[in-house]
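> sharing a model prediction with you, sequence too.
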Amino acid sequence: MKKYTLLVAVTGAMMIYSQANAQSKLTIVNESWGYFSNPPIVTESRATGGWALSEGIVAVGRGGFDNYGVRGHALGGTNYNVGVYGLADSAWITGVGVFGQSLRARSSNYGVYGHASGGIGPAWAGYFNGNVFTTGTYQPSDGRLKRDVQNEESVMQRIMKLRPVSYSYKKDEFKYIELPDSRQHGFIAEELQKIFPESVIQVKHPVVEDNKVTKTEEFAAINYQSLIPVLFKAIQEQQAMIEDLQKQVKELGGGKKITRGGMQGAYLAEAVPNPANASTTIRYALPDNAQKASIQIFDATGNKVLQYNNIKGESQIVVNSAQLAAGTYVYTLYISGRAVQTNKFVVAKG
């Protein structure tokens, strides 16, 4: 095959056009010193009227053992490295900064593949400033990829320390970050980090000005997905408590009075309803010789939140659970300073 080479000097740069056999390629090297932009190729396509299509670069890899439509490498930068940067500006209907499509591969198709590793801080294979939509998401979870697998420990006490909040973002102050407009629900990262530090990371957000990264904004971010197994564990713990309480209710429903601490005839019934929302009722019975009897209620961390003194005979107390935070509570019957019986109830909100 014949080979044609055209060299054209344009304002200090060199353009090379090459047409040759299948082993040839077009290689452009542009070296510069100092703090300057150094793009070896800059293309601009302008649609001046009508419904014309404007495409900056169209690259097709077809029929080879491996196909790459566009492959970009940014290496050795002292400030920022960007392998491929795409900009679609002022599209009439839809703008696509980078479009990737992979079809009919015999093994796997990757429309866009990004890889990032090394460096001092976090490495992002893909970083998106704005909403991300996907029709399917998976994370690697094969047992072959994991070591030191352990059963999740009790998390109820840590869960109870969390402060769920609703909030709005400061869009007017952080205009260079595409923050959501709508009201959000979640946690404050600095607070969550004290309880689940493995779910919080520091992020350096690139600030783009005039189509260039000029600085970074650092802030804390939460991996909410890592909290899902923790919540499952908390549900399992709570379900075990409920089943235990249901068992006690069944025993009491059969007319069986429970003896604790040698106090014949003393019993403490299951709270009804349980879980509770606005209020819950706890029935009790005391022998005639009981003195200084009380029912004390404790939260999951062991702090006493309520106490009912001078209880006598067979009666009940009504706990205003609307004043309590959601969670599991322990209530104990004391007679003459001794714990006679302990039960649990759950406060559920919403």
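Nice, thanks for sending it over. Numbering: from 1, shown residues only.

> what's the closest non-adjacent residue to the residue most central in space within the chain?
The residue lying closest to the centre of the chain (C-alpha atoms, centre = their mean) is Tyr224, at 1.8 Å. Distances taken as C-beta to C-beta, 6 or more residues apart in numbering put Gly186 closest to Tyr224, at 7.0 Å, once the chain neighbours are dropped. Every C-beta, even on glycine, is put in place using the N, C-alpha and C of the backbone.

> for Arg283, same thing?
Nearest one to Arg283, counting by C-beta to C-beta, 6+ apart, is Ala269 at 4.0 Å.

> how many neighbours does that neighbour have?
By other C-beta atoms under 10 Å, the residues close to Ala269 number 19.

> repeat for Val340
Counted with other C-beta under 10 Å, Val340 comes out at 22.

> and if you look at Asp299?
By the criterion of other C-beta under 10 Å, Asp299 has 18 neighbours.

> pretty sure it sits against Tyr329.
Yes: with contacts counted by C-beta atoms under 8 Å, Asp299 reaches Tyr329, the gap being 5.9 Å.

> what sits in contact with each of these two?
Common neighbours of Asp299 and Tyr329 (criterion: C-beta atoms under 8 Å, 6 or more residues apart in numbering): Val305.

> now do the helices in the stretch 51-200 of the chain.
156-161, 189-195 (DSSP state H, counting those that start in this stretch).

> looking at the ones you listed, spot the one closest to Phe232.
helix 156-161 (11.2 Å; C-beta to C-beta).

> contacts for the closest one?
195-196, 230-231, 234, 237-238, 299-301, 325, 327-328.

> out of those residues, which comes closest to Ala339?
Once C-beta to C-beta is applied, the member of the contacts of helix 156-161 that ends up nearest Ala339 is Asp299, at 16.8 Å.

> now the closest one: closest residue in space, sequence neighbours ignored.
Using C-beta to C-beta, 6+ apart, the nearest residue to Asp299 is Val305, at 5.5 Å.

> that neighbour: neighbour count?
14.

> quickly list the domain ranges of this structure.
122-127+151-256, 257-347 (automatic domain parsing).

> now distance to Tyr110 and mean pLDDT too, for those domains, in TSV please.
Below are the domains of the chain laid out as TSV (distance: least, C-beta to C-beta, whole Å; pLDDT from 0 to 100):
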stretch	distance to Tyr110	mean pLDDT
domain 122-127+151-256	12	85
domain 257-347	44	85
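
> of the ones you listed, which stretch is the most buried?
Most buried of the domains of the chain, by mean neighbour count (mean count of other C-beta atoms under 10 Å): domain 257-347, with a mean of 16.

> chain center to that domain: distance?
Computed by C-alpha atoms, centre = their mean, to the nearest Å, the chain-centroid distance of domain 257-347 equals 39 Å.

> contacts only, for the residue nearest to Tyr224.
Taking C-beta under 8 Å, 6+ apart, one finds 164-165, 167, 222, 224 in contact with Gly186.

> switch to 10 Å and redo it
Residues counted as contacts of Gly186 (C-beta atoms under 10 Å, 6 or more residues apart in numbering) are 164-167, 192, 222, 224.

> nearest to Ala339 among those residues?
Pro164 (33.1 Å).

> what about the nearest residue to the closest one once chain neighbours are set aside, distance to Glu173?
Excluding the flanking residues, the one nearest Pro164 by C-beta to C-beta, 6+ apart is Phe187, at 6.5 Å. Distance of Phe187 to Glu173, computed by C-beta to C-beta, to the nearest Å: 21 Å.

> returning to that earlier point: so can I have JSON lines of the helices of the stretch 51-200 of the chain showing distance to Val318?
As requested, these are exported to JSON lines (distance: least, C-beta to C-beta, whole Å):
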{"stretch": "helix 156-161", "distance to Val318": "24"}
{"stretch": "helix 189-195", "distance to Val318": "33"}
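
> out of these, the one nearest Asn309 is which?
Among the helices of the stretch 51-200 of the chain, helix 156-161 comes nearest to Asn309, with 26.5 Å by C-beta to C-beta.

> ok now that closest one, how far from the chain's centre?
The answer for helix 156-161 is 18 Å, by C-alpha atoms, centre = their mean.

> contact partners for the nearest residue to Ser226 once chain neighbours are set aside?
Of all residues not flanking Ser226 in the chain, Ser199 sits nearest, at 4.7 Å (C-beta to C-beta, 6+ apart). Taking C-beta under 10 Å, 6+ apart as the criterion, Ser199 is in contact with 187, 189, 192-193, 221-227, 230.

> reformat these as JSON lines; add distance to Gly126.
Shown next, in JSON lines, are those (distance: C-beta to C-beta, whole Å):
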{"residue": "Phe187", "distance to Gly126": "24"}
{"residue": "Ala189", "distance to Gly126": "21"}
{"residue": "Leu192", "distance to Gly126": "24"}
{"residue": "Gln193", "distance to Gly126": "24"}
{"residue": "Ala221", "distance to Gly126": "15"}
{"residue": "Ile222", "distance to Gly126": "18"}
{"residue": "Asn223", "distance to Gly126": "15"}
{"residue": "Tyr224", "distance to Gly126": "18"}
{"residue": "Gln225", "distance to Gly126": "16"}
{"residue": "Ser226", "distance to Gly126": "19"}
{"residue": "Leu227", "distance to Gly126": "22"}
{"residue": "Val230", "distance to Gly126": "26"}
